[in-house]
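> Give the three-dimensional model of this entry:
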Amino acid sequence: MSAVLVLGLVTTISAPAHAAADRHHPAPAAFPATIRLPDGFRPEGIATGPGPFAYFSSMADGSIYRADLRTGRGAIFTRGPGTPSLGMKIDSRGRLFVAGGTGGDARVVDVRTGRVLASYRLATGPAFVNDVILTQGAAWFTDSTNPVLYKLPLRDGRLPGAAVRIPLTGDLVYGAGFNANGITPTPDGRGLIVVQSNTGGLFRVDWSGATRRVNLHGESLPEGDGLLLRGRTLFAVQNRLNAVAVLRLNAAGTEGRVVRRVGDLRFDVPATVAAFGSRLYLPNARFDTPATSETWYNAVAIPDPERRS
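Predicted structure coming up:
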């Protein structure tokens, strides 16, 4: 059994039943609610699709693990460069865009073959390229160390030769710790939304890099990490708080309200979130647990808070 915490109330949810055809060798549960990842993997990012598959990125060496959500089974899909892989997104052409963390880079991987299609040097000094979103014919990457966005223009879908560096100006001011982190489009698709982890601020970002604080009516998103937008609903992972904030935004992304927070007893500092079917999937980054080659890691699925019966 698992438990989901909504506004302080615990609701019990039955775990998926195992097939009973062979009691000695039971078939794996259909769409299990917990997915075991390799020991020492240090997961951070997640992307789902095409099909019932999830891709998990490793902070340890940048490898990508692919799991079949129907069975929970998986394997390393493509080996990393030895530096971290963080946020990821998949486009309609089957290309996985990967943020490179302290490596200061990004790469694009073919999800059919695991082949690296392109690599980009985004920063030459200290950097933490944290997350990525695909919108308006471009891939946009955040950097938690430097007040910039990195843009990969995708004219007619073609990968560019180099990234464009876009300075962030306006309300989003960098300080000590992790700054710009998760990123998503505004509901109207005319801008971007970025969460600042160390302050809990949410910001609307123009294509020019000009930022404006989103009015959350007295709320904030401390430890804000991965973002997922669906319509005008924004899911914001608050990693060390072991919670997912559910917000309602206006179309322009200039105003929003936190309508609930969702937790789960299996959360262990989840970092990012992706949807598949009627579930949200979150990798447990376990940032507060010493990372060794034997440290266990997993990802958990919870019912989509907006699609509960």
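> middle-most residue in the protein, spatially?
Nearest to the mean C-alpha position of the chain, by C-alpha atoms, centre = their mean, lies residue 272 at 3.3 Å.
> Give me the local confidence score for the closest residue to that residue other than its chain neighbours.
The shortest distance from residue 272 to any non-neighbouring residue, by C-beta to C-beta, 6 or more residues apart in numbering, is to residue 226 (3.1 Å). All C-beta atoms are positioned from the backbone trio N, CA, C, and that covers glycine. Looking at residue 226, its pLDDT is 98.
> show me what contacts residue 226?
Going by C-beta atoms under 8 Å, 6 or more residues apart in numbering, residue 226 touches 45, 46, 87, 131, 181, 182, 236, 237, 271, 272, 273.
> Now, these that are in strands?
Within the contacts of residue 226, residues falling in strands by DSSP state E are 45, 46, 131, 181, 182, 236, 237.
> Quick check: chain neighbours aside, which residue is closest to the fourth one?
Leaving aside its chain neighbours, residue 181 sits nearest to residue 197 (4.6 Å; criterion: C-beta to C-beta, 6+ apart).
> got the contact list for that neighbour?
Contacts of residue 197 by C-beta under 8 Å, 6+ apart are 144, 177, 178, 179, 181, 222, 223, 224, 225.
> just checking, what's the longest strand in the protein?
Under DSSP E, the chain gives strand 256-264 as its longest strand.
> if I look at residue 130, how far off is residue 182?
From residue 130 across to residue 182, the span is 8 Å (C-beta to C-beta, to the nearest Å).
> actually residue 88, sorry about that
In terms of C-beta to C-beta, residue 88 sits 12 Å off from residue 182.
> where does this protein dip in pLDDT?
1-28, 308-309 (pLDDT under 70).
> Go again with 50.
1-25, 309 (pLDDT under 50).
> Which one's more surrounded, residue 88 and residue 182?
Legend: neighbour count by other C-beta atoms under 10 Å for residue 88 and residue 182, higher for residue 182 (29 against 23).
> From residue 79, how far off is that one?
Taking C-beta to C-beta, one finds residue 182 at 26 Å from residue 79.
> and the residue nearest to residue 272, helix, strand or coil?
strand (DSSP: H, G, I helix; E, B strand; the rest coil).
> can you give me how far stretch 113-125 is from the chain middle?
On the basis of C-alpha atoms, centre = their mean, to the nearest Å, stretch 113-125 sits 19 Å off its chain's mean C-alpha point.
> actually stretch 227-238, not the one I typed
Distance, stretch centre to chain centre, for stretch 227-238: 10 Å (C-alpha atoms, centre = their mean).
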